[in-house]
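Peer 1: sequence and predicted model, in that order:
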Amino acid sequence: MAELNVKIGNLELKNPVMTASGTFGYGIEYADFMDISCLGGIFVKGTTIQPREGNPYPRLAETPAGMLNAVGLQNKGADYFAEHIYPQIKDIDTNMIVNVSGSSIDTYVACAERIAELEKIPAIELNISCPNVKQGGMAFGVTCAGASEVVRAVRKVYPKTLIVKLSPNVTDITEIARAVEAEGADAVSLINTMLGMAIDAEKRRPVLSTITGGLSGPCVKPVALRMVWQTSKAVRIPVIGLGGISNWKDAVEFLLAGATAIQIGTYNFIDPTVSLRVIQGLDDYCERHGFASVREVIGALEV
């Protein structure tokens, strides 16, 4: 059996397979389907300092090889998370990581400070790339200046591992990655959803209430893979790859492209236990190719 452990900042992961925020709830929702402690980490539902109702319905639409969502970071706020959710997840034997978002620098900082108080949350994923909120979100993640400003402010108040989630809706994602690295990010995760749209031809109306939404699923994988490859060569910090991963082979491709770890998102809705098969598939791959450790696979793409 190969060694599957990897490291992201100060995080020790038992394996590089994690679940993406917004697709795995708080982890406990999947406990009836699988042993969630087998995962390298769980990125829990997006959290903001104040409760958010999210966007009006309809806010989901199926697309060829993917889906559009415009949920809009619906959640009950950081205090509710700390008081009601945290006690249920704090003793799960894996890295429980909170996806933190905001509508301004101050709200990002306040949410990060609140989560920092929770002893058994070892990291946050700073979401500067959500395309489904009117304020904040992707607005910070599409320019170097905006990304730098929010990461700089959060880094001052957040002492643990800081992962920054990047938007693909930019001209050059490597510039944004270098900007957040310079401000103290311990890792970057990419990609978040791509901005897309669906139209009901019969009604001659957009399918989503917000008109546009975030595209995810297998259809975005080639773009995600390219951006992970580019970013891994541009920064020194670890890269976490996500976007369309649905099996072990997809995961291997992201590792070969330079990702230290991966997240599985949309495919959790299709197969709640897909991550377990990916973990086993990575082990089998290492065995077949003579890798003693999955770390030998990272960046091993021959070009």
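Peer 2: Yep, that arrived.

Peer 1: just checking, what packs against the helix-or-strand element of the chain with minimal mean pLDDT?
Peer 2: Using mean pLDDT, DSSP states H and E, helix 138-141 stands out as the lowest-scoring helix or strand of the chain, at a mean of 72. Contact partners of helix 138-141 among helices and strands, from 3 or more Cβ pairs under 8 Å, 6 or more residues apart in numbering; DSSP states H and E: helix 144-157. For glycine as for every other residue, the C-beta is placed from the backbone atoms N, C-alpha and C.

Peer 1: show me the helices in the stretch 201-303 of the chain, by range?
Peer 2: For the stretch 201-303 of the chain, the helices defined by DSSP state H, counting those that start in this stretch cover 221-234, 248-256, 267-270, 274-289.

Peer 1: so which of those is nearest L208?
Peer 2: Ranking the helices of the stretch 201-303 of the chain by proximity to L208 (Cβ to Cβ) places helix 267-270 first, at 17.2 Å.

Peer 1: contacts for the closest one next, please.
Peer 2: Helix 267-270 is contacted from outside by 19-20, 23-24, 30, 67, 217-218, 245-246, 274-275, using Cβ atoms under 8 Å, 6 or more residues apart in numbering.

Peer 1: residue most distant from the centroid, this structure?
Peer 2: Taking Cα atoms, centre = their mean, the residue of the chain most remote from its mean C-alpha position is E202, at 35.2 Å.

Peer 1: just checking, V274 touches I264?
Peer 2: Yes - in this structure, V274 is within contact of I264 by Cβ atoms under 8 Å, at 6.0 Å.

Peer 1: who's more crowded, those two?
Peer 2: I264 (24 against 20; other Cβ atoms under 10 Å).

Peer 1: now the more buried one: how far from E3?
Peer 2: Going from I264 to E3 by Cβ to Cβ, to the nearest Å gives 21 Å.

Peer 1: could you dump the helices of the stretch 201-303 of the chain to CSV with distance to L166?
Peer 2: Shown next, in CSV, are these (distance: least, Cβ to Cβ, whole Å):
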stretch, distance to L166
helix 221-234, 8
helix 248-256, 14
helix 267-270, 20
helix 274-289, 22
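
Peer 1: closest one to D79 among these?
Peer 2: Nearest to D79 among the helices of the stretch 201-303 of the chain is helix 267-270 (27.1 Å), distances taken as Cβ to Cβ.

Peer 1: how close does the nearest residue to G281 once chain neighbours are set aside sit to P16?
Peer 2: Nearest residue to G281, sequence neighbours excluded (Cβ to Cβ, 6 or more residues apart in numbering): W248, at 2.2 Å. Going from W248 to P16 by Cβ to Cβ gives 11 Å.

Peer 1: what touches both of those two?
Peer 2: By Cβ under 8 Å, 6+ apart, W248 and P16 have these common neighbours: L282.

Peer 1: same list, the helices of the stretch 201-303 of the chain, but as JSON lines with mean pLDDT and distance to A110 please.
Peer 2: Written out in JSON lines, the entries for the helices of the stretch 201-303 of the chain read as follows (pLDDT from 0 to 100; distance: least, Cβ to Cβ, whole Å):
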{"stretch": "helix 221-234", "mean pLDDT": "98", "distance to A110": "29"}
{"stretch": "helix 248-256", "mean pLDDT": "98", "distance to A110": "33"}
{"stretch": "helix 267-270", "mean pLDDT": "96", "distance to A110": "29"}
{"stretch": "helix 274-289", "mean pLDDT": "98", "distance to A110": "32"}
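
Peer 1: to G196, which of these lies closest?
Peer 2: Nearest to G196, of these and by Cβ to Cβ, is helix 221-234 at 11.7 Å.

Peer 1: what's the least confident helix or strand of the chain in contact with?
Peer 2: Here helix 138-141 makes contact (Cβ under 8 Å, 6+ apart) with 128-131, 146-147, 149-150, 165-167, 169-170, 176, 192.

Peer 1: taking these one by one, which sit in strands?
Peer 2: K165 (DSSP state E).

Peer 1: show me which of the contacts of helix 138-141 is closest to L39.
Peer 2: For these, the minimum distance to L39 (Cβ to Cβ) is 18.1 Å, reached by K165.

Peer 1: pLDDT weak spots in this structure?
Peer 2: For the chain, residues meeting the criterion pLDDT under 70 lie at 130-138.

Peer 1: sorry, back to before: can you say which of the contacts of helix 138-141 are buried?
Peer 2: Burial by neighbour count, 16 or more other Cβ atoms under 10 Å: within the contacts of helix 138-141 this picks out 128-131, 146-147, 149-150, 165-167, 169-170, 176, 192.

Peer 1: neighbours of I97, how many?
Peer 2: By other Cβ under 10 Å, 26 other residues sit near I97.
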